[in-house]
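In: sequence unknown, structure follows:
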């Protein structure tokens, strides 16, 4: 069976590494200018056909499908993909997740509208298109707020924290025009958690234990699972959120939901229609990794167990050089993405496993200090 992946970054790499033992084969569609270093040796790297900008959508889809060696199913490793192309590819093979779900998640305005529509809780927000609308939104929501462009924003990119009137004045003086953006009221959360969920084509679902996350500058720095202090109330909210989201999306594959916990209440921050950075710990920490379960779901295979023995953690390697000799421990596992190093770029991660949460927490803290202090 052949899987076509739109994108050729580290998530595509880890999907392929999970799929090879299952007898799956892969083709990757690279964005213009992408060297495909992450996936070298793991499948066929395909470029957009020459002159693709002038092709009709149906012709482009046909050429992409043929170039990718006629995959049985196509999936994505990121949100920033041409949804119209995904829709057109459905005439040639299965496409999971459904392009409609990708469209919802790739625009923060649409995403917030969906979250609100299913009755899930989130921070107060307003969508704006002009500096004047932004100033009005800030006045209505009251400072502090965070401004995020609706598209092309991730890992802290195209996001601005406004804590004071001076911050707002400086922002407006630098941005005479703005792209469509979401202005959100900053909430005083006690922690950030993410939910890594999976749904198969026949409706079967599974969920990994909630993951607790730590961010620096809008970029995930470390994760720990299962998240601690998940009481009955929070567990009920998590299950309710899962049902609300899956009940309103014709979704197949892994879906990540990033949340804040505020006074014991779960607030949705973002959705990601793909395998997710905060689920990397599942590679060694769960019976079946998120990458394998995504492939099982889109290939209509039985889902694997999401059970965890003990606890697991992950440390991102952000713009830092590290080799296996330095990274490995008896309970630590090193993953490199075959990327060149530049500031804050995700070039790898280290997974850790332990029987006791206290032991793992201490080791995560020590490793973060070694890498970043």
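Out: Now that the structure is in, tell me what you want to look at. Predicted, not measured: the structure shown is a model, and the values here were computed from it. Numbering: from 1, shown residues only.

In: how about residue 23, nearest residue that isn't a chain neighbour?
Out: Using C-beta to C-beta, 6 or more residues apart in numbering and skipping residues adjacent in sequence, the residue nearest residue 23 is residue 1, 7.3 Å away. Yep, even glycine has a C-beta here, placed from its N, CA and C like the rest.

In: could you measure from that neighbour over to residue 94?
Out: Counting by C-beta to C-beta, to the nearest Å, the gap from residue 1 to residue 94 is 11 Å.

In: overlap in contacts of these two?
Out: Common neighbours of residue 1 and residue 94, using C-beta atoms under 8 Å, 6 or more residues apart in numbering, are 72, 73.

In: who's more crowded, these two?
Out: Here residue 1 and residue 94 are compared on neighbour count by other C-beta atoms under 10 Å; more neighbours surround residue 94, at 17 against 13.

In: centroid residue for the protein?
Out: Taking C-alpha atoms, centre = their mean, the centroid of the chain lies closest to residue 276, which sits 3.8 Å from it.

In: state the phi and psi torsions of it.
Out: Dihedral pair for residue 276: phi -140, psi 150, per degrees, to the nearest 10.

In: if I read this right, residue 353 contacts residue 284, doesn't it?
Out: Yes. Using C-beta atoms under 8 Å, residue 353 is in contact with residue 284, at 5.4 Å.

In: name the nearest residue to residue 15, ignoring sequence neighbours.
Out: In space, and not counting its chain neighbours, residue 15 is closest to residue 291: 4.9 Å by C-beta to C-beta, 6+ apart.

In: contacts only, for that neighbour.
Out: Residues in contact with residue 291 (C-beta under 8 Å, 6+ apart) are 14, 15, 17, 18, 19, 275, 282, 283.

In: including neighbour count, could those residues go into TSV?
Out: Listed next are these as TSV, based on neighbours: other C-beta atoms under 10 Å:
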residue	neighbour count
14	25
15	31
17	17
18	21
19	23
275	31
282	29
283	22
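
In: name the nearest of those residues relative to residue 49.
Out: Closest to residue 49 out of the contacts of residue 291 is residue 15 (23.8 Å), distances taken as C-beta to C-beta.

In: all helices of this structure, in order?
Out: Using DSSP state H, the helices of the chain run over 10-19, 57-67, 83-89, 99-106, 108-117, 131-141, 165-174, 232-246, 282-285, 290-298, 324-327, 357-372.

In: just name the most buried of the ones you listed.
Out: Most buried of the helices of the chain, by mean neighbour count (mean count of other C-beta atoms under 10 Å): helix 290-298, with a mean of 27.

In: report the rounded mean pLDDT for it.
Out: Averaged over helix 290-298, pLDDT sits at 98.

In: can you check stretch 274-286 too?
Out: Rounded mean pLDDT across stretch 274-286 is 98.

In: and what of stretch 181-190?
Out: 95.

In: start to end distance for that stretch?
Out: The first residue of stretch 181-190 is 26 Å away from its last residue (C-alpha to C-alpha, to the nearest Å).

In: residue numbering should commence at 11 henceforth.
Out: Sure, I'll start numbering at 11, so the last one becomes stretch 191-200.

In: quick one: contacts of that stretch?
Out: Stretch 191-200 is contacted by residues 118-119, 122, 133-139, 144, 147-148, 151-152, 154-160, 171, 173, 270-273, 277 when judged by C-beta under 8 Å, 6+ apart.

In: leaving out sequence neighbours, find the closest residue to residue 326.
Out: Leaving aside its chain neighbours, residue 326 sits nearest to residue 359 (5.2 Å; criterion: C-beta to C-beta, 6+ apart).

In: selection in PyMOL covering whichever of the contacts of stretch 191-200 are buried, please.
Out: With 16 or more other C-beta atoms under 10 Å as the burial test, the buried ones among these are selected in PyMOL as follows:
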select buried, resi 118+119+122+133+135+136+137+138+144+147+148+151+154+155+156+157+158+159+160+270+271+277
